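A.B. asks: Based on what follows, work out the 3D shape:
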Amino acid sequence: MLLILKKAVLLPVEIWSVAQSLTARDFSKRWLKLALFTLLLSGLFSAVIVLARTPGLSAVITDPLFAKKSLVLHVDLALVVWFYSFLAVLFMSLTNTVSRIRNAIAMKIAFFGVLSMISSIFFETAEPILANYIPVLDHPLFISGLLLFGVGLIVTFSSGSFETGSLSTRPKLSFYVDSARESISFAGLLVLIAIITLVASWLITPQMSERITFYEVVMWGGGHILQFANVLGMLTVWLILLYKLTGSDVISKKLNRGLLLVLVTPAATSPLLLLNGTTSQLYYSGFTQLMRWFIFPVVLIYMGIAVHTVWKARSKDNIDRPLFQNLYFNGLFVSVLLALTGFGVGAMIRTSSTLIPAHYHAALGAVTVAYMVMVIILMKEYGYSLDGLKSKRLVSWQPLLFGLGQTIFVIGFAYAGLQGMGRKLFGADQSIHTVEAVVGLGLMSIGGLLAITGDFSLSIS
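C.D. replies: Here you go, the predicted structure:
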């Protein structure tokens with residue numbers, strides 16, 4: 001007990017002394033380590049989920065509850081901790097809004113929050129609640145960990161100017177580009193708005209007998225806003241990849257800002273939908289329609305800019321190596337392809353089936369593969385050598401491996417959904433009555449394992 005008290009007393013001194021020697025790059029590297037750590041763990045938990053849905057192997061996992069707990073941690077580590085930790089990496093790399101002491105505190109808080117979330121799986125009383133956007137384990141340790149991670153993000157994205165000078169006097173990173181700086185700044189703003197919306201929803205939502213209904217309502221609004229932030233993170237990396245391919249900013253400042261405002265404004269003003277309460281139809285349908293109609297038009301325009309830019313650069317021989325041996329092109333190509341697939345599958349959704357996870361695995365897979373390539377860029381920027389790899393070609397092909405697996409996974413899930421397969425079912429809970437459903441889930445399993453292989457190849461790199 002005395003040791004714990006001593007540690008608590010000395011912690012502020014430790015944070016202060018350590019923070020004084022850290023730079024913006026050091027904070028970015030620490031967030032990157034946290035992001036990669038959680039991505040690796042997410043892959044491990046996803047292996048459990050794939051086995052739990054694979055015909056013939058699903059009998060090995062006799063406890064559907066354990067698979068559902070694994071699903072909660074897989075989703076939260078992959079789509080919450082990994083995504084927004086990486087947004088913090090980009091935010092601090094591209095903007096001039098880093099404060100030493102505040103970010104040292106933020107890192108400590110976020111790290112302990114993640115540990116709390118992971119450790120809660122070992123408690124029998126931690127009930128998995130498969131709510132959309134942010135599923136939870138209904139246990140104080142998990143909820144506290146999620147809140148701590150959110151506090152870490154709030155401190156990071158609201159931090160003040162870095163003490164060592166203005167942006168104009170700081171050395172710029174090799175991937176710095178004005179259009180990307182602007183998009184990541186908007187992404188940080190939306191993360192803050194989303195967290196505020198989640199907290200407000202929690203406070204105004206009445207207690208309900210069904211915990212799944214309660215958490216579904218609480219997470220609905222903020223979860224939709226976070227999808228806009230995810231898209232902004234993806235667009236940030238697209239602009240960086242295009243800069244790495246061509247050597248110049250591919251979009252004018254005026255056009256970029258106009259497109260970003262069209263994308264951001266609906267999400268930034270959407271908390272007004274809480275005025276009638278979280279149980280109103282306006283709250284539920286309003287956020288759904290905002291995401292349905294205000295994301296894809298802007299993304300399609302950026303896709304058009306990307307295609308035009310690559311085509312023009314290729315025709316002028318400004319891209320040296322063959323396109324599919326170029327890491328930057330492969331990352332951009334797979335990300336765009338998965339985003340288009342997500343739009344297409346989403347348009348086919350009519351009822352609650354595996355078409356829904358097929359849609360968001362494509363859409364969020366587009367974000368993930370963009371971040372994967374950005375990790376390689378950051379490793380080079382931070383001085384981590386890739387010379388020790390047996391084949392540098394493997395690094396260039398890693399996005400294609402992940403993209404192939406994710407696409408097969410999405411096709412399998414979508415095909416099973418078209419046959420009426422329900423979502424969020426595992427092991428003995430699944431009801432497989434047709435050959436088509438077996439084929440769909442079989443494709444899902446193969447694609448899932450390929451995608452996991454792509455995840456691990458990134459982590460090992």
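A.B. asks: tell me the pLDDT at Leu260?
C.D. replies: What the model reports for Leu260 is a pLDDT of 98.
A.B. asks: Then Gly420?
C.D. replies: Looking at Gly420, its pLDDT is 60.
A.B. asks: Ok, the one 4 residues further on next?
C.D. replies: According to the prediction, Lys424 has pLDDT 50.
A.B. asks: same deal with Thr125?
C.D. replies: We have a pLDDT of 90 for Thr125.
A.B. asks: List the residues that contact it.
C.D. replies: Residues near Thr125 by CB atoms under 8 Å, 6 or more residues apart in numbering: His139. Any C-beta I mention is one placed from the backbone N, CA and C, and that applies to glycine too.
A.B. asks: let's go with 10 Å and repeat that
C.D. replies: Taking CB atoms under 10 Å, 6 or more residues apart in numbering, we find Thr125 in contact with 137-141.
A.B. asks: Now tabulate the residues you listed in a markdown table and tack on secondary structure.
C.D. replies: As requested, these are exported to a markdown table (DSSP: H, G, I helix; E, B strand; the rest coil):
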| residue | secondary structure |
| --- | --- |
| Leu137 | strand |
| Asp138 | strand |
| His139 | coil |
| Pro140 | helix |
| Leu141 | helix |
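A.B. asks: and those, which are buried?
C.D. replies: 137-139, 141 (16 or more other CB atoms under 10 Å).
A.B. asks: Most widely separated two among these?
C.D. replies: Distance extremes for the buried ones among the contacts of Thr125: the farthest pair is Asp138 and Leu141 at 10.6 Å, using CB to CB.
A.B. asks: Which neighbours do these two have in common?
C.D. replies: In contact with both Asp138 and Leu141: 120, 125-126, using CB under 10 Å, 6+ apart.
A.B. asks: leaving aside the residues next to it on the chain, what's closest to Val294?
C.D. replies: Quick fix: residue 294 is Phe, not Val. For Phe294, ignoring the flanking residues on the chain, the nearest one in space by CB to CB, 6 or more residues apart in numbering is Pro266 at 4.5 Å.
A.B. asks: What segments of the stretch 351-461 of the chain are helices?
C.D. replies: Remark: helices assigned in the stretch 351-461 of the chain by DSSP state H, counting those that start in this stretch are 355-381, 392-418, 435-460.
A.B. asks: before we move on, the earlier item: among the shared contacts of Asp138 and Leu141, which are in helices?
C.D. replies: Nothing among those maps onto helices, per DSSP state H.
A.B. asks: my guess is Leu36 contacts Ser85, does it?
C.D. replies: Yes. Judged on CB atoms under 10 Å, Leu36 makes contact with Ser85 at a distance of 8.8 Å.
A.B. asks: So between these two, which is more surrounded?
C.D. replies: With neighbours defined as other CB atoms under 10 Å, Leu36 and Ser85 compare such that Ser85 has more, 29 against 19.
A.B. asks: my read: that one touches Met92, true?
C.D. replies: No. Counting by CB under 10 Å, Ser85 does not reach Met92; the two are 11.1 Å apart.
A.B. asks: could you point out where the stretch 251-400 of the chain is predicted with low confidence?
C.D. replies: Low-confidence segments of the stretch 251-400 of the chain (pLDDT under 70): 320-321, 385-394.
A.B. asks: count of neighbours near the residue lying closest to Phe228 once chain neighbours are set aside?
C.D. replies: Distance criterion CB to CB, 6+ apart; nearest residue to Phe228, sequence neighbours excluded, is Ala267 at 3.9 Å. For Ala267, the tally of surrounding residues (other CB under 10 Å) stands at 27.
A.B. asks: and Ala267, what helix or strand is that in?
C.D. replies: Per DSSP states H and E, Ala267 falls inside helix 253-269.
A.B. asks: that older thread, with the shared contacts of Asp138 and Leu141 in mind, which one is nearest to Leu338?
C.D. replies: Among those, and counting by CB to CB, the member closest to Leu338 is Ser120, at 31.0 Å.
A.B. asks: give the contact list for that closest one.
C.D. replies: Ser120 makes contacts with 69, 72-73, 126, 136-146, as judged by CB under 10 Å, 6+ apart.
A.B. asks: My guess is Phe37 contacts Phe86. True?
C.D. replies: No. Taking contacts as CB under 10 Å, Phe37 lies outside contact range of Phe86: 11.8 Å.
A.B. asks: Of these two, give the one with the bigger neighbour count.
C.D. replies: Neighbour comparison, Phe37 and Phe86: the larger count goes to Phe86, with 27 against 17 (by other CB under 10 Å).
A.B. asks: Would you check that the more buried one makes contact with Trp31?
C.D. replies: Yes. The pair Phe86 and Trp31 passes the contact test of CB under 10 Å, sitting 7.5 Å apart.
A.B. asks: Buried ones in the helix or strand just after the helix holding Ala267, by neighbour count?
C.D. replies: Using DSSP H and E, the helix or strand that follows helix 253-269 in sequence is helix 281-294. Neighbour-count burial for helix 281-294, counted by 16+ other CB under 10 Å, picks out 283-284, 286-287, 290-291, 294.
A.B. asks: Repeat that for stretch 31-41.
C.D. replies: By neighbour count on 16+ other CB under 10 Å, the buried set for stretch 31-41 is 31-32, 34-41.
A.B. asks: pLDDT for those residues - can I get that in CSV?
C.D. replies: As requested, these are exported to CSV (pLDDT from 0 to 100):
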residue, pLDDT
Trp31, 93
Leu32, 93
Leu34, 94
Ala35, 94
Leu36, 90
Phe37, 91
Thr38, 92
Leu39, 85
Leu40, 85
Leu41, 89
